[in-house]
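Chemist: when you get a sec, could you give me coordinates for this:
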Amino acid sequence: MFITADLIKKRVHGLPSLPASVLSLTEIAEDERSTMDDVYNVLGKDPVLSASILRLANSPLYNVGNLVSDLRNAIQRLGMDAILNLARSVSIIRNYRSGELLDIAHLWRHSTAVGLVAKAICKSLKNESFVETAFLAGLLHDIGKIVLDRCFVDEYSPVLKAVKEGEDELEMEKKFMDITHMEIGAHVAYDWKFPDNILEVIREHHIPKPGAFLPNLVYYSDLLVRVRFPNGPADKKIVLNLSNDQNFKDMVFGVSGSIPDIEYLTFKIDDEVDHAIGFVQLAFMD
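Modeler: Next up, the predicted model:
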């Protein structure tokens, strides 16, 4: 059965909503007058989320010195943008720790790795303004798959069966559902009040428009992770040669005026996947 806009509205309505603290943090992120105290006051009322943030702040992914022992210290060390995105990321992962058809832990490890690779590329380009947004965009790029797994089990099942047999994912989604996980993911991200640049990534991460930095960044980060750690038979056929990919070179050159060390980026993926595994394990903890 094809998935229509009306059907999406009807079924997605039953998804677990984001905690009130995350909605408040989203408002803080969009208000230029917000301060560290605003973040602290919101997180201080959510001890479970605060505990998760402290665990991650002391993990190898973020810890660069002495351990942080309290929330205010963690906010000061990581900075407002990192804390805001970390809080939103952890909350979404914790809300969706189980699935019907998908290996949810694997999906989150993949998505987190994509976010971390996107973040690493931004750092290599010295594009600091996009570092934290790149991580959040990468983490959320496949959120539509979780929605399909939760709300459209019967419709999604033949898609996953075909993908396991080596068929192209997007082609099978269009064939069996007449809609893609990108479109469904963008619908949910809109309901969750995520900013337009995150919606754009979710909606276009498989077919980014030339010149759109963030969608292209997540597109290439996704390919880099899938080449090294395939999600299925079709991924094993991916041929990726960034040195000769003009669109990739245009993307990075347009930001930094130079091409990053591609060999370094390739080796960096292994580290980021290890970090992603640890990130998801800590996020899953109660």
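Chemist: give me the buried positions along the biggest helix by length in the chain.
Modeler: Using DSSP state H, we find that the single longest helix of the chain is helix 262-284. If you call a residue buried by 16 or more other C-beta atoms under 10 Å, then helix 262-284 has these buried ones: Ile262, Leu265, Lys268, Ile269, Glu272, Val273, His275, Ala276, Phe279, Val280, Leu282, Ala283. The way it works is simple: take the backbone N, C-alpha and C, and place the C-beta from them, glycine included.
Chemist: cool, stretch 84-92 as well?
Modeler: Leu84, Asn85, Leu86, Ala87, Arg88, Ser89, Val90, Ser91, Ile92.
Chemist: roughly how far apart are the last one and Ile143?
Modeler: Ile92 is 7 Å from Ile143, where distance means C-beta to C-beta, to the nearest Å.
Chemist: now do the fourth one
Modeler: Ala87 sits 16 Å away from Ile143, going by C-beta to C-beta.
Chemist: kindly report the same for the fifth one.
Modeler: When C-beta to C-beta is the yardstick, Arg88 and Ile143 sit 12 Å from each other.
Chemist: show the subsequent helix or strand relative to the one helix or strand Val201 maps to.
Modeler: Secondary structure assigned from DSSP states H and E places Val201 in helix 196-204. From helix 196-204 onward toward the C-terminus, using DSSP H and E, the following helix or strand is helix 213-228.
Chemist: where does pLDDT dip in the stretch 101-250 of the chain?
Modeler: Along the stretch 101-250 of the chain, no part satisfies pLDDT under 70.
Chemist: do a quick rundown of the strands in it.
Modeler: Counting by DSSP state E, counting those that start in this stretch, one finds no strands in the stretch 101-250 of the chain.
Chemist: all helices for it, in order.
Modeler: Assigned by DSSP state H, counting those that start in this stretch, the helices in the stretch 101-250 of the chain fall at 104-124, 131-140, 143-151, 153-164, 169-177, 181-191, 196-204, 213-228, 246-256.
Chemist: can you say which of those is packed in most?
Modeler: helix 131-140 (a mean of 26; mean count of other C-beta atoms under 10 Å).
Chemist: ok, and what's touching the helix holding Val201?
Modeler: With C-beta atoms under 8 Å, 6 or more residues apart in numbering as the test, helix 196-204 has contacts from 133, 136-137, 140-141, 143-144, 182-183, 185-186, 189-190, 212, 214-215, 218.
Chemist: neighbours of Ile93, how many?
Modeler: 22 (other C-beta atoms under 10 Å).
Chemist: can you give me every residue that contacts it?
Modeler: Trp108, Val280, Ala283, Phe284.
Chemist: ok, back up a step: which of the buried residues of stretch 84-92 fall in helices?
Modeler: Leu84, Asn85, Leu86, Ala87, Arg88, Ser89, Val90, Ser91, Ile92.
Chemist: the helix holding Val201: how far from the chain's middle?
Modeler: 11 Å (C-alpha atoms, centre = their mean, to the nearest Å).
Chemist: now stretch 128-145
Modeler: Distance, centroid of stretch 128-145 to centroid of chain: 4 Å (C-alpha atoms, centre = their mean).
Chemist: endpoints of it, how far apart?
Modeler: By C-alpha to C-alpha, to the nearest Å, the extent of stretch 128-145 from end to end equals 29 Å.
Chemist: and stretch 125-144, by the same measure?
Modeler: Using C-alpha to C-alpha, the two ends of stretch 125-144 sit 29 Å apart.
Chemist: how far out from the middle of the chain is it?
Modeler: Distance of stretch 125-144 from its chain centroid, counting by C-alpha atoms, centre = their mean, is 7 Å.
Chemist: tell me the spacing between Met251 and Glu165.
Modeler: Counting by C-beta to C-beta - Met251 and Glu165 are separated by 33 Å.
Chemist: again with Val188
Modeler: For Val188, the distance to Glu165 - C-beta to C-beta - is 28 Å.
Chemist: how many other residues sit next to the closest residue in space to Asn247 that isn't next to it in sequence?
Modeler: Nearest non-adjacent residue to Asn247, counting by C-beta to C-beta, 6 or more residues apart in numbering: Pro210, 6.3 Å away. Neighbour count for Pro210, taken as other C-beta under 10 Å: 9.
Chemist: who's in contact with Pro210?
Modeler: Contacts of Pro210 by C-beta under 8 Å, 6+ apart are Asn216, Asn247, Asp250.
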